[in-house]
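A.B. asks: here is my input, please return the structure:
(3 chains)
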Amino acid sequence: MDVNKSGSAVQTQVKEQHNENEMGIRKGPWTVDEDTILVNYITTHGEGHWNTLARCAGLRRNGKSCRLRWLNYLRPDVRRGNITLQEQILILELHSRWGNRWSKIAQQLPGRTDNEIKNYWRTRVIKQAKQLKCDVNSKQFRDTLRYVWMPRLLERVQPTSQPSGVAGFLHQTGFQGYETEWAKPNHSYSDSSSVHFQAPSNSDHSDSSGSVHTIEKGSDPCPALNNHNHMLEQGTADQSLESFWTEEHMWFLQQLSDDLEIKSNSLL
DNA sequence: AACAGTTTCAACCGCTTTATC
DNA sequence: AGATAAAGCGGTTGAAACTGT
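C.D. replies: From the prediction side, this is the model:
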């Protein structure tokens, strides 16, 4: 959304008047002029002390609003545009580990803001959970993401990768600091004949069953997925998370996650 | 073309944590 | 040690953009 690009000057003026409170503090979308003032002021004086900054810069905004505008939009190193495939994997992985710690997750994705990641999670991932008819915080959905979806995304990113390549990928994307479950010896996500997913016993959110789930590669459990894989390899499909989730995928994932649930329960 | 429904994301709100006096 | 202000964080909202009919 960019209010600066739409609406007539008159409409904008009316809205601006409406968005001022009795103290003369403005709220709502920022104008181009306000952005310019804020950028120029920070370029000269640096950031911080936001209430003082707002006052000295002559902005009729509170400090919080200035800080948010700068951090989420005006900072020169803010990365705009779609979340890449690599970033999606990283977000899924980090969220499985840290939960809704958006700021912490954002620190591992250079140029991305906590707000952006939070929005991504709410608009894309939660949407998919709803389509799977499960709660986004349920074990069922977490397992589906962790043991089905993320390995497949990784295979798309690094088609020839070995297990150790996962750690390498995470390193390449700028993420350092902990040993991913996939880099551990008990996780063989890509061998010659099948794909195994072993639920780790020491993950923050996983169960302790350590149950192993195997999908025989030759059995082609979901032709739609493989077809999509082919499209990605040919560069004919949008490389986004949601583009994977067709109705057929949903059915497949639902079956698989139901199976995971049953097996996990039987081991308790 | 017009309308309704849905999605996206910038911005706000309220709470917690940290810094300063 | 307590009070106050500032900064940071996650949840929520609402308007614009998009999509379908």
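A.B. asks: residue A:106 in helix, strand or coil?
C.D. replies: Applying DSSP: H, G, I helix; E, B strand; the rest coil to residue A:106 yields a three-state assignment of helix.
A.B. asks: give me phi/psi at the closest residue in space to it that isn't next to it in sequence?
C.D. replies: In space, residue A:106 comes closest to residue A:114 once its chain neighbours are excluded; the distance is 4.2 Å by Cβ to Cβ, 6 or more residues apart in numbering. Where you see a C-beta, it was placed from the backbone N, CA and C, and this is true even at glycine. Main-chain dihedrals, residue A:114, degrees, to the nearest 10: phi -60, psi -40.
A.B. asks: these two touch, right, residue A:103 and residue A:115?
C.D. replies: No - counting by Cβ atoms under 8 Å, residue A:115 is not a contact partner of residue A:103; they are 9.6 Å apart.
A.B. asks: between those two, who's got more neighbours?
C.D. replies: Comparing residue A:103 with residue A:115 by neighbour count (other Cβ atoms under 10 Å), the higher total belongs to residue A:115, at 15 against 12.
A.B. asks: now whichever strand or helix holds the more buried one: average pLDDT?
C.D. replies: Under DSSP states H and E, the secondary-structure element containing residue A:115 is helix A:114-120. Averaging pLDDT along helix A:114-120 yields 89.
A.B. asks: name the helices or strands packed onto the helix or strand just after that helix?
C.D. replies: The element immediately downstream of helix A:114-120 (helix or strand, assigned by DSSP H and E) is helix A:126-131. Applying 3 or more Cβ pairs under 8 Å, 6 or more residues apart in numbering; DSSP states H and E, we find helix A:126-131 packed against helix A:241-244.
A.B. asks: now with 10 Å, please.
C.D. replies: Packing partners of helix A:126-131 (3 or more Cβ pairs under 10 Å, 6 or more residues apart in numbering; DSSP states H and E): helix A:139-143, helix A:241-244, helix A:247-267.
A.B. asks: report the buried residues of it.
C.D. replies: Buried positions in helix A:126-131, judged by neighbour count with 16 or more other Cβ atoms under 10 Å: A:128-129.
A.B. asks: show me the contacts for the residue nearest to residue A:145 when sequence neighbours are not counted.
C.D. replies: Using Cβ to Cβ, 6+ apart and skipping the chain neighbours, the partner closest in space to residue A:145 is residue A:92 (5.5 Å). Neighbouring residues of residue A:92 by Cβ atoms under 10 Å, 6 or more residues apart in numbering: A:121, A:125, A:142, A:145-146, A:149-150, A:153, A:241.
A.B. asks: any residue of the one helix or strand residue A:92 maps to touching DNA strand C?
C.D. replies: Under the criterion of DSSP H and E, residue A:92 resides in helix A:85-98. No - Helix A:85-98 stays clear of DNA strand C (Cβ under 7 Å from any atom of the strand), getting no nearer than 7.9 Å.
A.B. asks: mind checking the pLDDT average for that helix?
C.D. replies: So the average pLDDT for helix A:85-98 ends up being 84.
A.B. asks: go ahead and confirm residue A:48 touches residue A:42.
C.D. replies: Yes - assessed by Cβ atoms under 10 Å, residue A:48 is found in contact with residue A:42 at 9.1 Å.
A.B. asks: how is chain A carved up into domains?
C.D. replies: As given by automatic domain parsing, the domain ranges for chain A are A:3-74, A:85-267.
A.B. asks: worst average pLDDT in these?
C.D. replies: Among the domains of chain A, domain A:85-267 carries the lowest mean pLDDT (a mean of 56).
A.B. asks: please report how far the residue nearest to residue A:145 lies from residue A:46.
C.D. replies: 36 Å (Cβ to Cβ, to the nearest Å).
A.B. asks: what's the answer for residue A:99, then?
C.D. replies: Applying Cβ to Cβ to residue A:99 and residue A:46 gives a distance of 33 Å.
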